[in-house]
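Engineer: Fold the following.
(2 chains)
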There are 2 protein chains.
Amino acid sequence: MAMTMTQKILAAHAGLDEVTVGQLIEANIDLTLANDITGPVAIREMEKAGFTKVWNREHIALVMDHFAPNKDIKSAEQCLECREFAKKHAIVNFFDVGEMGIEHALLPEKGLVAAGELIIGADSHTCTYGALGAFSTGVGSTDLAAGMATGKAWFKVPSAIRFVLKGKLSPYVSGKDVILHIIGMIGVDGALYQSMEFTGEGVASLSMDDRFTICNMAIEAGAKNGIFPVDDRTRAYMQERVQRPVREFTADEDAVYEKTYEINLSALRPTVACPHLPENTKTIDELEHIEIQQSVIGSCTNGRIEDMRTAAEILKGRHVAQGVRTIVIPATQAVYLQCIREGLAEIFVEAGAILSTPTCGPCLGGHMGILAHGEKTVATTNRNFVGRMGHITSEIYLASPAVAAASAVAGYICAPQDLK
Amino acid sequence: MAMTMTQKILAAHAGLDEVTVGQLIEANIDLTLANDITGPVAIREMEKAGFTKVWNREHIALVMDHFAPNKDIKSAEQCLECREFAKKHAIVNFFDVGEMGIEHALLPEKGLVAAGELIIGADSHTCTYGALGAFSTGVGSTDLAAGMATGKAWFKVPSAIRFVLKGKLSPYVSGKDVILHIIGMIGVDGALYQSMEFTGEGVASLSMDDRFTICNMAIEAGAKNGIFPVDDRTRAYMQERVQRPVREFTADEDAVYEKTYEINLSALRPTVACPHLPENTKTIDELEHIEIQQSVIGSCTNGRIEDMRTAAEILKGRHVAQGVRTIVIPATQAVYLQCIREGLAEIFVEAGAILSTPTCGPCLGGHMGILAHGEKTVATTNRNFVGRMGHITSEIYLASPAVAAASAVAGYICAPQDLK
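Structural biologist: Numbering: from 1, shown residues only, chains lettered A, B, ... in the order given. Sure thing, here's the model as predicted:
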């Protein structure tokens, strides 16, 4: 029977020749992930269930990123709990302050996720790794506990929606605009428990960072996962980082998709998701005049080096507008170091932005840029729910790094082309 | 009648020819300072007292540094309150995210404080500016409110203790060791409501950053202020930053001091203040083996460029010990930028430390490195009171940047000379 790319990965990990939509399977996991918020919950669940050992100390990742460096005593205690667990079980991939970065940027960078693998993470944006041709999805902390203990997880095989990409993105239009456009089109439940499979000749022109951003936000359309085919770009990315053998899966020619959408990349415009849902999208041309008090460039969605380069290109020789706190957060220590080496860090500070150490920080209202009442922010993050970044009357406009940087300079939301 | 340096500045600002110890005077203020914690309190007090105008919009500084970039909704609201006040009164020296730094490093750097001036600040470490030969002291928010409204403040003229500095500091011994040694000698109430006046041929060898650090911690001996004579180093520092005329005061030859201490700088050793008081000092040679989980290099005490250079010199080509979160926080955007340009930022990140955007952060348990139960930290900050940086069972060892950097590498508190 014909299978999608996702279904093939699931079948292989379940030791089955084929799987069908809706089938319940038990699959072998290649990696489990938890962070400083979900880790402690998973650890306690695991211990409560009587497990005293982890299934494989090399295939568990624990990343201290959400409230680290610790914002308060509670978050310090949570990190300590993860640290002690990591020590007790000799967990190889425990990432603490100084080594860490935002989990979904860090794991691909460290070569811990690769094509054909199956990854579960106690964080909704675990779906990011689909950019590499992996199946990865967010799970609850209890499921993660079981995964850490047994190396296995249950799945219901998802159906799929196909997005056929054509053409090529215009300057200052990026992966973020692609995924915002799609979510605007299909809605925040448009892909509920389905795979979003990206394909078509347009894929080749998308950078890896574009693809990570697109898969990262698959969950914002309700998807179980997002996934890209493996091509030369993927292989080049993995070649630098992944030592172990990699397995490539491709969808069958006659795989069944519940829907197929054609996306003309060439026609896309900078796109903004207005409060309070990622589906409330407008192109920059349709958007009214929105003054902002803050601009955030970072997160697991848009904190990679390409995002930093785009923002720096726009901020270079310019200064942020009076009254716009501009917070740039490279996603990992490696990206941060690269920002220093390439001169981007200098550009940011000279432009009046601040450069934070890697952290999820303000994205989830953690720290490093929380909003007061009535304040508006443009942010390259992934969710603009009520109160997500601070006071319940504050407002978040989701956009690309190009738009966030340009808006910081203008003082209102605009595209780089609108700057003098 | 003979007067000390402090008394002369007070007399001049009160329009008097002379003042005597214990006299109550009303003096003109050159600058008032508040931050995102004390600012809102002072603003409300000012309005409660019926004042609708500030005395001089150019002589008020408001610095958003303690919990900025905002760690939570409450701190965001506090910054917003300051921001609106600054806008309403067209305050010239309002420093927000992107322009800001830790107040006591920022004000000297911006040339807002100078020799002979009188500065009050709603922050206990306002005494820092004595390094420039100014009289500066911390006041409560209500006193600050009156100062912002009237440009005047009441003082009781303090008596003085004289510290005669001789000799020259050894390598890796700095201003921090001088002041810790002194506090260890006289105790945390050793200079209660007195001036600490530093003098002697040893002064000349102390850098401006050493002097800032020394005056900064005068309050930790209970002093009203700390003050250095103005010399060529001071003049050179001010020449780059201060445009207005500067007035130099010198103590009378026969000024009266309650006590005189001679400090032989050459004999000083790296000094550490053990929990839970700054007076609990030991030299590095006397200290037992103290393992640490964190090292913090920054704060208004030790976040200046010289501190960064010292730390970088030690961290260069080395790596912090496993399990030691090493948090480096340049005190201002200018220091941060300098760290990037001089290659220090790169050294820190390569060594496994993180570089935070300027903030008071962990020093007062704000954010960016709070301690869990039982954790120990070495820190270049100014107070090691119970629970100051986190859980009440955590412990803080105050030290210089050299010791903090070396300890990060070793995993336990030591001097740079102890490293392999």
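
Engineer: three-state assignment of the residue lying farthest from the centre of chain A?
Structural biologist: Taking Cα atoms, centre = their mean as the measure, the residue most remote from the mean C-alpha position of chain A is A:Gly50, 32.7 Å away. Secondary structure assignment for A:Gly50 (DSSP: H, G, I helix; E, B strand; the rest coil): coil.

Engineer: residues in contact with it?
Structural biologist: Counting by Cβ atoms under 8 Å, 6 or more residues apart in numbering or on different chains, A:Gly50 touches no other residue. Placement of C-beta: from N, CA and C, glycine included.

Engineer: Apart from its neighbours in sequence, what residue is nearest the one residue in the stretch 101-250 of chain A that gets nearest to chain B?
Structural biologist: Evaluated by Cβ to the nearest Cβ, the stretch 101-250 of chain A has A:Gly101 as its residue closest to chain B, separated by 10.4 Å. Distances taken as Cβ to Cβ, 6 or more residues apart in numbering or on different chains place A:Thr332 nearest to A:Gly101, at 2.6 Å, with adjacent residues excluded.

Engineer: Phi, psi for that neighbour please.
Structural biologist: For A:Thr332, the backbone dihedrals are phi -140, psi 170 (criterion: degrees, to the nearest 10).

Engineer: Which pLDDT value goes with it?
Structural biologist: pLDDT for A:Thr332: 98.

Engineer: ditto for the one 4 residues further on
Structural biologist: At A:Tyr336, the pLDDT value in this model is 98.

Engineer: Which residues outside whichever strand or helix holds it are in contact with it?
Structural biologist: Per DSSP states H and E: A:Tyr336 is located in helix A:333-341. Applying Cβ under 8 Å, 6+ apart, the external contacts of helix A:333-341 come out as A:98-101, A:105, A:109, A:303-305, A:308, A:312, A:330, A:344-345, A:348, A:355, A:357-358, B:340, B:345-346, B:349-350, B:354-355.

Engineer: what's the distance between it and the middle of its chain?
Structural biologist: Distance of helix A:333-341 from the chain centroid (Cα atoms, centre = their mean, to the nearest Å) equals 19 Å.

Engineer: State the distance from the spatially most central residue of chain A to A:Glu103.
Structural biologist: Closest to where the C-alpha atoms of chain A average out (Cα atoms, centre = their mean) is A:Asn216, at 3.4 Å. Going from A:Asn216 to A:Glu103 by Cβ to Cβ, to the nearest Å gives 11 Å.

Engineer: shared neighbours of the two, anything?
Structural biologist: Common neighbours of A:Asn216 and A:Glu103 are listed as A:Cys300 (criterion: Cβ under 8 Å, 6+ apart).

Engineer: show me what contacts A:Glu26?
Structural biologist: By Cβ under 8 Å, 6+ apart, the contact set of A:Glu26 is A:14, A:152-154.

Engineer: Kindly apply the preceding question to A:His181 instead.
Structural biologist: By Cβ under 8 Å, 6+ apart, the contact list for A:His181 reads A:263, A:268, A:271, A:281.

Engineer: TSV for these, including distance to B:Thr381?
Structural biologist: As requested, those are exported to TSV (distance: Cβ to Cβ, whole Å):
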residue	distance to B:Thr381
A:Ile263	53
A:Leu268	50
A:Thr271	45
A:Thr281	46
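
Engineer: which residues in chain A form helices?
Structural biologist: A:5-14, A:38-48, A:73-88, A:103-109, A:141-150, A:175-186, A:208-216, A:232-239, A:299-302, A:305-315, A:333-341, A:344-350, A:401-410 (DSSP state H).

Engineer: I'd like the ones you listed as JSON lines, with distance to B:Glu117 appended.
Structural biologist: Shown next, in JSON lines, are these (distance: least, Cβ to Cβ, whole Å):
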{"stretch": "helix A:5-14", "distance to B:Glu117": "69"}
{"stretch": "helix A:38-48", "distance to B:Glu117": "51"}
{"stretch": "helix A:73-88", "distance to B:Glu117": "39"}
{"stretch": "helix A:103-109", "distance to B:Glu117": "48"}
{"stretch": "helix A:141-150", "distance to B:Glu117": "57"}
{"stretch": "helix A:175-186", "distance to B:Glu117": "50"}
{"stretch": "helix A:208-216", "distance to B:Glu117": "51"}
{"stretch": "helix A:232-239", "distance to B:Glu117": "58"}
{"stretch": "helix A:299-302", "distance to B:Glu117": "44"}
{"stretch": "helix A:305-315", "distance to B:Glu117": "36"}
{"stretch": "helix A:333-341", "distance to B:Glu117": "37"}
{"stretch": "helix A:344-350", "distance to B:Glu117": "29"}
{"stretch": "helix A:401-410", "distance to B:Glu117": "36"}
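
Engineer: B:Gly387 is nearest to which of the ones you listed?
Structural biologist: helix A:73-88 (8.7 Å; Cβ to Cβ).

Engineer: separation between A:Ile347 and A:Thr137?
Structural biologist: From A:Ile347 to A:Thr137 the distance is 37 Å (Cβ to Cβ).

Engineer: err, A:Leu315, not the other one
Structural biologist: Going from A:Leu315 to A:Thr137 by Cβ to Cβ gives 35 Å.

Engineer: Residue of the stretch 201-350 of chain A nearest chain B, please.
Structural biologist: Closest point on the stretch 201-350 of chain A to chain B, by Cβ to the nearest Cβ, is A:Arg325, at 4.0 Å.

Engineer: Could you find the closest non-adjacent residue to that residue?
Structural biologist: That would be B:Val97: by Cβ to Cβ, 6+ apart, it lies 4.0 Å from A:Arg325.

Engineer: Quick check, pLDDT for that neighbour.
Structural biologist: According to the prediction, B:Val97 has pLDDT 96.

Engineer: quick check: angle from the helix holding A:Tyr336 to helix B:333-341?
Structural biologist: If you take axes from the mean of the first three to the mean of the last three Cα atoms, to 10 degrees, helix A:333-341 sits at 90 degrees to helix B:333-341.

Engineer: ok and helix A:333-341 relative to helix A:305-315, angle-wise?
Structural biologist: Going by the same axes, to 10 degrees, helix A:333-341 is angled at 30 degrees with respect to helix A:305-315.

Engineer: wait, A:Thr393 sits on A:Pro275?
Structural biologist: No. In this structure A:Thr393 lies outside contact range of A:Pro275 using Cβ atoms under 8 Å: 10.2 Å.

Engineer: the more surrounded of these two?
Structural biologist: The residue with more neighbours, out of A:Thr393 and A:Pro275, is A:Pro275; 16 against 12, by other Cβ atoms under 10 Å in any protein chain shown.

Engineer: And the residue lying closest to that one once chain neighbours are set aside, how far from chain B?
Structural biologist: Leaving out its chain neighbours, the residue that sits closest to A:Pro275 by Cβ to Cβ, 6+ apart is A:Glu395, at 4.3 Å. Separation of A:Glu395 from chain B (Cβ to the nearest Cβ, to the nearest Å): 14 Å.

Engineer: Bridged to A:Glu395, which residues?
Structural biologist: A:Lys376 (DSSP bridges).

Engineer: isn't it right up against A:Thr377?
Structural biologist: Yes. When contacts are counted by Cβ under 8 Å, A:Glu395 is listed as touching A:Thr377 (7.3 Å).

Engineer: between those two, which one's more packed in?
Structural biologist: A:Thr377 (27 against 21).

Engineer: For that one, give me its contacts.
Structural biologist: When contacts are counted by Cβ under 8 Å, 6+ apart, A:Thr377 touches A:292-296, A:369, A:371, A:389, A:394-397.
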